[in-house]
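Chemist: sequence unknown, structure follows:
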């Protein structure tokens, strides 16, 4: 389990670095486009498409980071005030439901990207659109793994709590 926690932490750092880079790039490209249009009457024809895809990437990476930090939309069954012994199971159940939703979304996103690859659409700088859309299934898969990790950790905490509470 320790390996998965370290992997999650490393992935989180990488995601944050990408977020900073992509947000900076988006601001620079948008500013350059505005400045070039207003000052010189020319523009970067690919800039709007690039900014659109950067927003997509930032949004999905942000969703993955929100999952990592527990700041995502969640099913709050735990607020029903169950007994202490049931809280861990309800937390794990909530996380497992999220695993199921994210797994289905991963499958649908893979199908979407595969279909787009077969169509052969292209975007700025003649890049295939499917390459830029791979962030969608990738982040849903990462979110699935993170929810699964949280479910396993909740069950592990309950097992540890029961071991310390057991009479000798």
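Modeler: In hand now; what should we look at? Because the structure is predicted, anything quoted here is derived from the model rather than measured.
Chemist: every contact and neighbour count from this point should use C-alpha atoms.
Modeler: Noted.
Chemist: contact partners for residue 62?
Modeler: Residues near residue 62 by C-alpha atoms under 8 Å, 6 or more residues apart in numbering: residue 19.
Chemist: at 6 Å instead, please
Modeler: For residue 62, no contacting residues are found, by C-alpha atoms under 6 Å, 6 or more residues apart in numbering.
Chemist: beyond the helix or strand harbouring it, next helix or strand please.
Modeler: Per DSSP states H and E: residue 62 is located in helix 47-69. Using DSSP H and E, the helix or strand that directly follows helix 47-69 along the chain is helix 84-119.
Chemist: on that earlier part again, how far away from the center of its chain is the helix holding residue 62?
Modeler: 9 Å (C-alpha atoms, centre = their mean, to the nearest Å).
Chemist: residues in contact with the spatially most central residue of the chain?
Modeler: For the chain, residue 64 is the residue whose C-alpha lies nearest the centre (C-alpha atoms, centre = their mean; 2.2 Å). In this structure, residue 64 makes contact with 139, 143, judged by C-alpha under 6 Å, 6+ apart.
Chemist: again, only this time at 10 Å
Modeler: 11-12, 15, 58, 70-72, 138-144, 146 (C-alpha atoms under 10 Å, 6 or more residues apart in numbering).
Chemist: where does pLDDT dip in this protein?
Modeler: 1, 73-86, 158-168 (pLDDT under 70).
Chemist: recalculate using a threshold of 80.
Modeler: 1, 4, 70-91, 154, 156-168 (pLDDT under 80).
Chemist: show me the longest helix that occurs in it.
Modeler: Counting by DSSP state H, the longest helix found in the chain is helix 2-40.
Chemist: now that helix against helix 47-69, angle please.
Modeler: Using axes from the mean of the first three to the mean of the last three C-alpha atoms, to 10 degrees, the inter-axis angle of helix 2-40 relative to helix 47-69 is 150 degrees.
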